[in-house]
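> sequence first, predicted coordinates after that:
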Amino acid sequence: MWHAAPVRILHTSDWHLGRRFEREPLEEDQRAALGWLAGLVESEGVDLVVVAGDIYDRALPAEEAVTLLDDALDALRGAGATVVLIPGNHDSARRLGFGARRQALGGVRVFADVSRPPEPWVFEAGGERVAIVAVPFLDPLVAPPPAPGPDGAPRPRTHQNVLADALSAGRSSLASLGPMPALAVAHAFVAGSATSDSEKVLAIGGTDAVDAAVFAGFDYVALGHLHRPQSVGGTGRIVYSGSLLPYSFSEDHAKSVRLVDVAGGAVTGVREVPIPVGRPVITLEGRLGELLDDPGLDVYLDHWVAVRLTDDTVQVQPMERLRSRFPHAVNVRYAPGRADLVGGRAPEEATLEERSPEEMVLAFLAELRDRPPTDVERELVAEAMTAAAGAGPSGQGAAG
């Protein structure tokens with residue numbers, strides 16, 4: 001008796017092409033990870049690759065990032081897979097969706113229309129059929145307003161409401177397709193999920209979290225936005241694949257993708273596959289001399305390294321000295337309560353009146369960029385403060 005071959009789907013997300021780690025470029029690491037993905041498609045016989053948003057790291061990507069995506073899509077198609085993309089909150093839906101109809105003819109389907117409800121797309125391979133309801137990231141302030149409530153009253157513009165409406169429309173359209181497994185693709189923060197420093201939860205449209213109940217009725221939900229691989233609710237049905245690479249020091253977990261098998265009209269298995277490429281991260285704490293001399297730390301020579309110094313005195317050129325031991329050290333500062341104190345307290349604990357102008361500028365930079373200032377930035381701020389102090393009221397240098 002003939003049996004349909006299973007459909008195999010690869011779920012990945014949050015590539016963030018064009019991103020840097022601190023100041024360091026990641027193009028080489030991202031290219032290696034994408035090359036590994038294409039190899040996995042070939043070795044595992046993947047039929048469909050689903051990328052659940054944040055393809056790029058910014059709405060206006062650099063030329064190098066666009067080239068990297070172009071090459072990746074060529075490699076995935078060359079390995080035999082059809083590709084589905086949705087924009088995330090880092091992407092521009094309009095830019096990512098440019099030429100979507102023409103790309104679909106070449107096996108790359110971009111679902112980026114935020115102005116209308118999603119229409120299910122049926123993917124067929126080996127006699128199996130799977131309905132895909134792909135929802136681009138919906139900014140509640142830009143997407144069509146939520147439908148009125150049962151009592152006719154307006155519902156607030158939240159990500160919960162606009163996403164729930166989109167998924168409801170997709171579910172309604174599924175009924176006309178006949179029985180088959182249904183997969184949803186979305187980019188959202190689902191309540192109860194574990195976050196990393198790389199994501200700004202409130203940056204996702206400036207709204208609240210989404211309840212997992214909005215995904216009721218789907219056999220598998222391929223999520224993007226959170227960088228930690230995880231299953232929501234413990235069922236294995238609603239899943240974040242996680243980011244392609246670590247993008248912050250809080251991402252000290254293993255990176256992975258998910259392989260989803262569909263056979264006999266049902267999802268028959270979900271398998272997590274570790275990503276073996278990419279530089280891991282580590283945060284070390286201790287006195288500078290100890291960190292430079294401890295042979296047990298040799299295991300971190302290939303890591304992105306952040307250091308929290310516990311020395312009682314300010315050290316000379318700590319970054320340069322650390323990089324002589326750890327080539328990929330990119331972040332160093334003193335642990336709270338050590339060295340660089342203001343009035344006996346750490347700078348972040350000092351009141352506004354106790355802070356110097358330089359400290360306030362550095363605090364502003366840290367808040368703006370969501371990370372501590374680098375050594376180079378500290379030096380530039382110090383130089384700017386010195387230059388400003390030497391300028392007269394008219395902006396000219398003070399008389400000497």
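Nice, I can see it. Keep in mind that what you see is a predicted model, and the values were worked out from it rather than measured. Numbers count the residues shown, from 1 in each chain.

> so residue 75 lies in a helix, does it not?
Yes. When DSSP: H, G, I helix; E, B strand; the rest coil is applied, residue 75 is found to be in a helix.

> can you classify the nearest residue to it once chain neighbours are set aside by secondary structure?
Using CB to CB, 6 or more residues apart in numbering and skipping the chain neighbours, the partner closest in space to residue 75 is residue 38 (3.8 Å). C-beta coordinates here come from the backbone N, C-alpha and C atoms, glycine included. Secondary structure, three-state DSSP: residue 38 is helix.

> how about the contacts made by residue 38?
Neighbour list for residue 38: 72, 75, 76, 78, 79 [criterion: CB atoms under 8 Å, 6 or more residues apart in numbering].

> repeat that with 6 Å
For residue 38, the contacting residues are 75, 76, 79, by CB atoms under 6 Å, 6 or more residues apart in numbering.

> again with residue 240
Residue 240 makes contacts with 223, 226, 230, as judged by CB under 6 Å, 6+ apart.

> residue 196 versus that one, what's the distance?
11 Å (CB to CB, to the nearest Å).

> likewise for residue 281?
Applying CB to CB to residue 281 and residue 196 gives a distance of 11 Å.

> between the two, which is the more surrounded one?
Using other CB atoms under 10 Å as the criterion, residue 281 and residue 196 rank with residue 281 on top: 23 against 18.

> thought that one was touching residue 305?
No. Counting by CB atoms under 6 Å, residue 281 stays clear of residue 305, with 7.9 Å between them.

> check whether residue 221 sits in a helix, strand or coil.
Under three-state DSSP, residue 221 comes out as strand.

> give the bridge partners for it, please.
Counting by DSSP bridges, residue 221 is bridged to residue 184, residue 238.

> list the contacts for residue 293?
By CB under 6 Å, 6+ apart, residue 293 lies in contact with nothing.

> how about the backbone phi and psi for residue 25?
phi -70, psi 150 (degrees, to the nearest 10).

> local confidence estimate at it?
Note for residue 25: predicted pLDDT of 94.

> please report how far it lies from residue 230.
For residue 25 relative to residue 230 (CB to CB), the value is 28 Å.

> and those two? Which one has more around it.
Ranked by neighbour count (other CB under 10 Å), residue 25 and residue 230 place residue 230 first, with 18 against 12.

> which residues touch that one?
194, 240.

> okay, and the beta partners of it?
Under DSSP bridges, the beta-bridge partners of residue 230 are residue 240.

> what's around the residue lying closest to residue 64 once chain neighbours are set aside, how many residues?
Nearest non-adjacent residue to residue 64, counting by CB to CB, 6+ apart: residue 27, 5.9 Å away. Counted with other CB under 10 Å, residues neighbouring residue 27 total 16.
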